[in-house]
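> got a predicted structure here, sequence first:
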Amino acid sequence: MNKTILAIVAIVILGIGSYYVGTVLNSGKKVGSNDAETGTAAVQPERKPEIYGKIKSIVGNEVVITKTDSSVDPTANMSQSEKQKYMQSLDEAERLKLKETILNATLGDVKVVMTVGMPMSKKVAQGPEAETVAGSLADLKVGGVVSVWLDASKTDRNVAEFVKIAFVN
């Protein structure tokens with residue numbers, strides 16, 4: 001009789017423990033993280049990205065980016081709404097020419113560590129009104145264009161805090 005009661009109590013305790021570990025501990029989300037279930041993109045930082053450029057190579061979680069010289073970008077010092085208005089005033093050919101000009105003005109290569117679970121977003125179409133969804137490390141491709149916000153607490157190396165992946169045909 002005592003063994004039966006002891007076995008039932010042990011099963012109940014194990015059941016409660018597994019419920020707690022499986023639901024309560026794993027239910028919390030880091031603020032700003034990607035929501036893979038809904039595809040909702042994380043909110044990007046308010047400041048301008050420290051790195052903007054084209055991905056040159058990817059080895060593991062280290063990405064080499066050819067940094068673009070933003071001084072050739074006429075929209076570099078514009079607010080988001082001013083930039084959007086300016087880009088909408090251009091036709092498709094002018095927008096593509098501007099992007100090509102900006103991407104060809106480079107400042108050299110920089111290596112950035114991309115951590116697993118880091119918040120990322122990606123554009124799903126061309127243009128200022130294009131939808132932005134959650135991104136992942138798998139979305140990074142050689143030749144792709146990214147904006148990278150660096151983690152200021154890491155001073156010994158470049159570790160990404162947030163990455164925005166541009167739409168590339």
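Okay, I see it. Residues are numbered from 1 along each chain as shown.

> just to be sure, Glu100 is in a strand?
No - the assignment for Glu100, made by DSSP: H, G, I helix; E, B strand; the rest coil, is helix rather than a strand.

> and it, what is it in contact with?
Shown in contact with Glu100 (C-beta atoms under 8 Å, 6 or more residues apart in numbering): no residues. C-beta here means a position set from N, CA and C on the backbone, and glycine is covered the same way.

> distance of the residue nearest in space to the middle of the chain from Thr132?
Centrality entry for the chain: nearest residue to the mean C-alpha point is Met120, 1.7 Å, by C-alpha atoms, centre = their mean. Look at Met120 and Thr132: by C-beta to C-beta, to the nearest Å, they are 10 Å apart.

> how near is Thr101 to Lys122?
Taking C-beta to C-beta as the measure, Thr101 falls 23 Å from Lys122.

> let me fix that: Lys164
Look at Lys164 and Lys122: by C-beta to C-beta, they are 7 Å apart.

> which neighbours do the two have in common?
Residues touching both Lys164 and Lys122 (C-beta under 8 Å, 6+ apart): Thr132, Gly135.

> quick check: mean pLDDT of stretch 58-69?
For stretch 58-69, mean pLDDT rounds to 93.

> buried residues of it, list them for me.
Ile58, Val63, Val64, Ile65, Thr66, Lys67, Thr68, Asp69 (16 or more other C-beta atoms under 10 Å).

> and the first one, what element?
Assigned by DSSP states H and E, Ile58 belongs to strand 51-59.

> repeat for the fourth one
In this assignment (DSSP H and E), Ile65 forms part of strand 62-68.

> that strand pairs with which strands?
Using DSSP bridges, the strands paired with strand 62-68 are strand 51-59 (antiparallel), strand 106-113 (antiparallel).

> mind checking the SS state of Thr4?
Classification of Thr4 by three-state DSSP places it in helix.

> helix, strand, or coil at Leu103?
helix.

> for it, give me its contacts.
Leu103 makes contacts with Gly53, Lys54, Thr68, Val145, as judged by C-beta under 8 Å, 6+ apart.

> any idea how far it is from Val124?
Using C-beta to C-beta, we find Leu103 at a distance of 20 Å from Val124.

> and the strands in this protein, which stretches?
Listed in chain order, the strands of the chain (DSSP state E) span 51-59, 62-68, 106-113, 120-123, 132-134, 145-150, 160-165.

> with distance to Asn77 as extra columns, can I get those strands in JSON lines?
JSON lines is the format used below for those (distance: least, C-beta to C-beta, whole Å):
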{"stretch": "strand 51-59", "distance to Asn77": "14"}
{"stretch": "strand 62-68", "distance to Asn77": "15"}
{"stretch": "strand 106-113", "distance to Asn77": "17"}
{"stretch": "strand 120-123", "distance to Asn77": "22"}
{"stretch": "strand 132-134", "distance to Asn77": "22"}
{"stretch": "strand 145-150", "distance to Asn77": "16"}
{"stretch": "strand 160-165", "distance to Asn77": "19"}
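
> thanks again, I'm all set now.
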